[in-house]
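K.L.:
Prediction below, plus the sequence it came from.
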Amino acid sequence: RVEYNRVHGFFIEVSRGQADKVPDDYRRRQTLKNVERYITPELKAWEDKVLSARDRGLAREKLLYERILAQAAEHAAALARSAAALARIAALAGLAHHARAHGWVAPELADDICLDIEAGRHPVVEHSIESFTPNDCRMDEERRMLLITGPNMGGKSTILRQVCLNAIIAQIGCYVPATSCEMTAVDRIFTRLGASDKLVEGKSTFFVEMEDIYNLVTFGTDRSLAIIDELGRGTSTTDGFSIAASILD
């Protein structure tokens, strides 16, 4: 039998009882308890050819790849323009497909400060659970803040995020998952979601939370949208309540 292993390469394995019948040109490569292993000039030549095939294949592949790159470089500008056009088409087609398939509507961008979403939905969550309940969100010049309370698993985080996502989706020129949507174009969106720390930077959960809030109150304008999920969670109940009330004021 012709066998192969990583240590000795290819060899011809002959049982000990048949070893006296091997031809004269067989060269012993290894002796085991019950078998003798041999190599022949022809098998050695074949072994060298097989084991070097991978290296030669990679070298050939590299050569062909470099030739393709050289040919493509001559048309780099045209290829870049084509790729950009195809990417734009793919993005718009994807947005159009979702809008048609899931009943999204065209948003209206208003000059006056407002955010009026009727029966808004979360574009991902609504397809991940059995039954999704749409939610309205109405804000204007006189009603600039909403405080949402409720039980665990009541959907508070979902409505916060879906309002933020709908604002982003509307401003990229896409239809939104809602019955109707009228909103002011926002200049920035600030978020304070989840609980995380940056211990490597010496920042606790509370520090990170306050850092986010600092950015919000410092750089936010009357045209900014901010969503905060559980403000003051990183400290005691009393302190957290006082901080939350002061920041909201």
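P.N.:
That came through fine. Source: prediction; values computed, not measured.
K.L.:
can you give me the offset of stretch 45-61 from its chain's centre?
P.N.:
38 Å (Cα atoms, centre = their mean, to the nearest Å).
K.L.:
One more: stretch 127-145?
P.N.:
26 Å.
K.L.:
List the buried residues in it.
P.N.:
Judged by neighbour count (16 or more other Cβ atoms under 10 Å), stretch 127-145 contains these buried residues: 132, 134-135, 137, 139. Glycine gets a C-beta too; all of them are placed from N, C-alpha and C.
K.L.:
The top helix by length along the chain: how far from the chain's middle?
P.N.:
Looking across the chain with DSSP state H, the single longest helix is helix 76-101. Centroid displacement of helix 76-101 relative to its chain, using Cα atoms, centre = their mean, is 19 Å.
K.L.:
For burial, what's the neighbour tally of Ala83?
P.N.:
Counted with other Cβ atoms under 10 Å, residues neighbouring Ala83 total 10.
K.L.:
what pLDDT does it get?
P.N.:
On pLDDT, Ala83 comes in at 95.
K.L.:
From Ile89, how far out is it?
P.N.:
11 Å (Cβ to Cβ, to the nearest Å).
K.L.:
Show me the strands in this protein, by range?
P.N.:
2-5, 9-15, 27-31, 35-39, 108-110, 114-120, 135-140, 180-184, 189-192, 225-228 (DSSP state E).
K.L.:
can you redo those strands as a markdown table with distance to Cys164 and mean pLDDT?
P.N.:
Shown next, in a markdown table, are the strands of the chain (distance: least, Cβ to Cβ, whole Å; pLDDT from 0 to 100):
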| stretch | distance to Cys164 | mean pLDDT |
| --- | --- | --- |
| strand 2-5 | 61 | 80 |
| strand 9-15 | 63 | 82 |
| strand 27-31 | 70 | 81 |
| strand 35-39 | 70 | 85 |
| strand 108-110 | 16 | 91 |
| strand 114-120 | 11 | 92 |
| strand 135-140 | 10 | 92 |
| strand 180-184 | 12 | 93 |
| strand 189-192 | 6 | 90 |
| strand 225-228 | 5 | 91 |
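K.L.:
and these as CSV, adding distance to Leu69?
P.N.:
Listed next are the strands of the chain as CSV, based on distance: least, Cβ to Cβ, whole Å:
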stretch, distance to Leu69
strand 2-5, 36
strand 9-15, 36
strand 27-31, 44
strand 35-39, 42
strand 108-110, 45
strand 114-120, 48
strand 135-140, 52
strand 180-184, 47
strand 189-192, 41
strand 225-228, 45
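K.L.:
circling back to that earlier point, which residues in the longest helix of the chain does the neighbour count mark as buried?
P.N.:
95, 98-99.
K.L.:
Repeat that for stretch 186-195.
P.N.:
Buried residues in stretch 186-195 (16+ other Cβ under 10 Å): 186, 190, 192.
K.L.:
Which residue comes closest to Glu230 once chain neighbours are left out?
P.N.:
Leaving aside its sequence neighbours, Glu230 sits nearest to Ala195 (Cβ to Cβ, 6 or more residues apart in numbering; 7.9 Å).
K.L.:
and the one you found, backbone torsions?
P.N.:
phi -130, psi 120 (degrees, to the nearest 10).
K.L.:
Give me the most central residue, this protein.
P.N.:
Val124 (14.4 Å; Cα atoms, centre = their mean).
K.L.:
mind checking how far that one is from His98?
P.N.:
Distance from Val124 to His98, by Cβ to Cβ: 11 Å.
K.L.:
The residue located most distally from the centre of the chain and Gln30, how far apart?
P.N.:
The C-alpha centroid of the chain is most remote from Asp20, which lies 65.5 Å away (Cα atoms, centre = their mean). Relative to Gln30, Asp20 is positioned 17 Å away (Cβ to Cβ).
K.L.:
what's the span of stretch 134-143 from first residue to last?
P.N.:
For stretch 134-143, the first-to-last residue distance is 21 Å (Cα to Cα, to the nearest Å).
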